[in-house]
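> structure for this input, please:
(one chain, ligands or ions: 1)
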Amino acid sequence: MSGPSLLEELSLLAQRPLRAALGAMLQRLAASERLPAAELERQQRARLTALLQHARRTVPFYARHPERFEELPLLTRRDLQEHAEALESREVAPAHAAVRSAHTSGSTGAPVTVKLGRAQEHLLQALTLRDHGWHQRDLTLTAAALRADPQLGTVTRWSLHPRGGRLLSLPVDTPLDEQLAWLQRAAPSYVVTYANNALGLVERAEALGVALPGLRELGTFGEVLPPDLRRRAREVWGAPVVDAYSCCELGFIALQCPEHEHYHVQAENVWVELLREDGSPCAVGETGRVVVTPLHAFAMPLLRYDLGDYATRGGPCPTGLGLPVLERVVGRSRHLITLPSGQRLWPRFGSNVLGKLAPLRQLRLVQHSLERFVLEVVAPPLGAELEARVLGAAEELLGGEVTLTLEYRDDIPRSASGKYEDCVSLLPAHHSQ
Ligand SMILES: [Zn+2]
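Sure thing, here's the model as predicted:
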């Protein structure tokens with residue numbers, strides 16, 4: 001499964017004392033991903049028990065929490081905003097001492113800060129290498145990253161290989177046409193960016209006839225995959241999409257399977273629960289709330305952290321990987337629309353649907369109340385007839401239960417985390433996430 005370049009990377013790791021631990025960790029990961037699911041779960045539960053005991057003993061926030069893991073209340077983003085200090089451990093072993101703070105902006109705008117420990121950081125580096133191995137990346141080739149705040153024009157290497165590939169970075173808020181021109185000059189073998197930015201790039205590349213002949217893979221993360229992205233990336237650039245499910249607070253949650261489009265939970269890093277609305281666990285095929293517990297977060301334990309995401313539980317993987325399967329990550333609760341009938345859905349308003357009807361440069365559906373929806377568009381004046389067609393198509397996507405109004409905007413800003421959102425609910429239930 002590992003490409004030859006990854007084996008070389010491993011041998012390099014082993015030669016460097018400071019990196020030897022990482023190499024050993026990667027070899028352990030290669031063994032644990034093949035363990036039977038039941039054995040993996042047993043090991044995870046042992047770590048959960050140790051983590052919970054540590055939290056109750058050394059973390060003020062958890063001092064009075066129940067002893068049984070399943071009885072712990074869910075930890076919310078608001079808890080993190082309001083009790084960050086009380087969530088830090090007062091007694092951390094050197095191996096787990098905090099080495100990095102991760103900052104992320106919640107939907108309510110208040111930032112969240114999470115401290116990550118040394119062991120967590122090493123594991124995240126090892127998981128990055130696992131991802132390279134699973135997808136057989138050649139680490140000597142060039143990669144290009146379009147992300148929220150890289151330092152402009154940064155060139156680093158993404159490998160320890162003596163001929164290690166360059167990693168070029170550009171801020172994702174660069175206009176799409178400039179991103180495309182930059183990609184053409186950089187001629188990368190790998191591109192990594194947010195899923196909706198990837199879709200924007202592919203659509204624009206198709207319109208302008210921009211080819212990326214050397215591209216081997218379009219890597220995505222941080223957002224739910226637009227339904228059409230895999231097909232269109234193959235058509236326009238001849239490259240597969242490889243998605244990763246991650247968050248700032250704890251890194252990789254699940255990586256795309258080496259052979260399928262589903263995801264494997266990174267069980268060595270995180271315990272993932274998928275819960276129904278009544279709090280009971282989802283069966284295979286059911287979609288539920290994603291609740292995560294990073295297993296090595298001793299500096300700042302996050303026990304049963306409710307990410308505000310929903311995912312569908314998958315069955316066993318034919319490749320023999322024992323890591324639990326997420327069939328799909330279907331959406332953020334912030335992007336979950338509730339219709340007057342009570343039905344809830346994640347409409348995808350990608351410009352591939354409505355953009356075919358009218359020259360829309362950008363659009364976003366905003367739910368202001370149960371009945372009131374606004375379709376915000378950045379576009380030249382469409383005229384009454386075209387407006388009616390766009391609204392009609394959008395209403396159809398919503399099942400015809402609501403009426404929409406269309407409003408023009410000069411610009412639709414990205415969210416605080418630098419991502420585009422094509423659908424946002426402002427209902428109070430969502431806002432508390
Ligand atoms: Zn699989």
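> the helices in this structure, which residues?
Using DSSP state H, the helices of the chain run over 4-15, 17-32, 37-58, 77-82, 118-134, 176-186, 195-208, 229-237, 351-354, 383-397, 428-431.
> up against the ion, what does this protein have?
257, 260, 317, 319 (C-beta under 5 Å from the ion). Any C-beta I mention is one placed from the backbone N, CA and C, and that applies to glycine too.
> domain ranges for the chain, per the record?
What automatic domain parsing lists as the domains of the chain is 1-331, 336-431.
> among these, which is the most enclosed?
domain 1-331 (a mean of 18; mean count of other C-beta atoms under 10 Å).
> which stretches of the stretch 151-300 of the chain have low pLDDT?
Where the stretch 151-300 of the chain drops to pLDDT under 70, the residues are 151-155, 160-161.
> in contact with the residue of it at minimum distance from the ion, which residues?
Closest approach between the stretch 151-300 of the chain and the ion, counting by C-beta to the ion: C257, at 3.0 Å. C257 is in contact with 134, 263-264, 317, 319, 321, 325, counting by C-beta atoms under 8 Å, 6 or more residues apart in numbering.
> do that again at 6 Å, thanks
Residues near C257 by C-beta atoms under 6 Å, 6 or more residues apart in numbering: H264.
> try the one 5 residues further on
Applying C-beta under 6 Å, 6+ apart, one finds that H262 lies in contact with 314, 325, 327.
> the second one is in contact with P316, isn't it?
No: the pair V325 and P316 fails to qualify as a contact (C-beta atoms under 6 Å) at a distance of 7.1 Å.
> wait, what's in contact with the closest residue to L360 other than its chain neighbours?
Spatial nearest neighbour of L360, chain neighbours left out: A379 (4.8 Å); criterion: C-beta to C-beta, 6 or more residues apart in numbering. The contact partners of A379, taken as C-beta under 6 Å, 6+ apart, are 359-361.
> try it again with 10 Å
With contact taken as C-beta atoms under 10 Å, 6 or more residues apart in numbering, A379 is in contact with 355, 358-363, 386-387, 390, 406, 408-409.
> R56 now?
62-67, 301, 303.
> how does it look with 6 Å?
Here R56 is in contact with Y62 (criterion: C-beta under 6 Å, 6+ apart).
> from R364, how far off is P94?
Remark: distance between P94 and R364 (C-beta to C-beta, to the nearest Å) = 47 Å.
> over to N197?
To R364, N197 is 15 Å away according to C-beta to C-beta.
> ok, A207 next?
For A207 relative to R364 (C-beta to C-beta), the value is 20 Å.
> report the spatially nearest residue to the residue in the stretch 301-433 of the chain that the ion sits nearest to, omitting neighbours in sequence.
Taking C-beta to the ion, the ion has its nearest neighbour within the stretch 301-433 of the chain at C317, 3.2 Å off. Of all residues not flanking C317 in the chain, V325 sits nearest, at 5.4 Å (C-beta to C-beta, 6+ apart).
> for that neighbour, give me its contacts.
Counted by C-beta under 6 Å, 6+ apart, V325 has contacts 262, 314, 317.
> might one say that the second one is in contact with P324?
No: the pair G314 / P324 is not scored as a contact, 7.8 Å apart, by C-beta under 6 Å.
> quick check: neighbours shared by these two?
Joint contacts of G314 and P324 (C-beta under 6 Å, 6+ apart) do not exist.
> now G320, what are its backbone angles?
The phi and psi values for G320, taken as degrees, to the nearest 10, are phi 90, psi 0.
> quick one, phi/psi of the spatially closest residue to it that is not a sequence neighbour?
Spatial nearest neighbour of G320, chain neighbours left out: R34 (6.7 Å); criterion: C-beta to C-beta, 6+ apart. Backbone geometry at R34, expressed as degrees, to the nearest 10, gives phi -100, psi 0.
> and R34, how far is that from T319?
Where T319 is concerned, R34 sits at a distance of 10 Å (C-beta to C-beta).
> tabulate the contacts of A379 (CSV), appending pLDDT.
CSV is the format used below for those (pLDDT from 0 to 100):
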residue, pLDDT
G355, 74
A358, 84
P359, 84
L360, 81
R361, 78
Q362, 78
L363, 82
L386, 92
E387, 94
V390, 90
L406, 94
Y408, 95
R409, 92
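> need those in JSON lines with distance to A181, can you?
Shown next, in JSON lines, are those (distance: C-beta to C-beta, whole Å):
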{"residue": "G355", "distance to A181": "22"}
{"residue": "A358", "distance to A181": "26"}
{"residue": "P359", "distance to A181": "22"}
{"residue": "L360", "distance to A181": "22"}
{"residue": "R361", "distance to A181": "18"}
{"residue": "Q362", "distance to A181": "20"}
{"residue": "L363", "distance to A181": "24"}
{"residue": "L386", "distance to A181": "30"}
{"residue": "E387", "distance to A181": "33"}
{"residue": "V390", "distance to A181": "30"}
{"residue": "L406", "distance to A181": "32"}
{"residue": "Y408", "distance to A181": "28"}
{"residue": "R409", "distance to A181": "26"}
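> list the ones among those that fall in strands.
362-363, 406, 408 (DSSP state E).
> determine which two of these are furthest apart.
Using C-beta to C-beta, the ones in strands among the contacts of A379 span at most 13.2 Å, a distance reached by Q362 and L406.
> residues shared between the contacts of those two?
Shared contacts of Q362 and L406 (C-beta under 6 Å, 6+ apart): none.
> which one of the contacts of A379 is nearest V242?
For the contacts of A379, the nearest to V242 is G355 (25.1 Å; C-beta to C-beta).
> how close does A98 get to Q120?
For A98, the distance to Q120 (C-beta to C-beta) stands at 9 Å.
> what do you get for P258?
Plainly put, P258 is 24 Å away from Q120 if you go by C-beta to C-beta.
> need the contact list for the residue in the stretch 51-200 of the chain that the ion sits nearest to.
For the stretch 51-200 of the chain and the ion, the shortest gap (C-beta to the ion) falls at W134, measuring 9.5 Å. Residues counted as contacts of W134 (C-beta under 6 Å, 6+ apart) are P258.
> before we move on, what about P188?
Per C-beta under 6 Å, 6+ apart, neighbours of P188: 142-144.
> hmm, 7 Å instead?
By C-beta atoms under 7 Å, 6 or more residues apart in numbering, the residues touching P188 are 142-144, 168, 215.
> any chance of those residues in CSV, plus distance to V224?
CSV is the format used below for the contacts of P188 (distance: C-beta to C-beta, whole Å):
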residue, distance to V224
T142, 28
A143, 23
A144, 22
L168, 26
L215, 22
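> fine, thanks again, bye for now.
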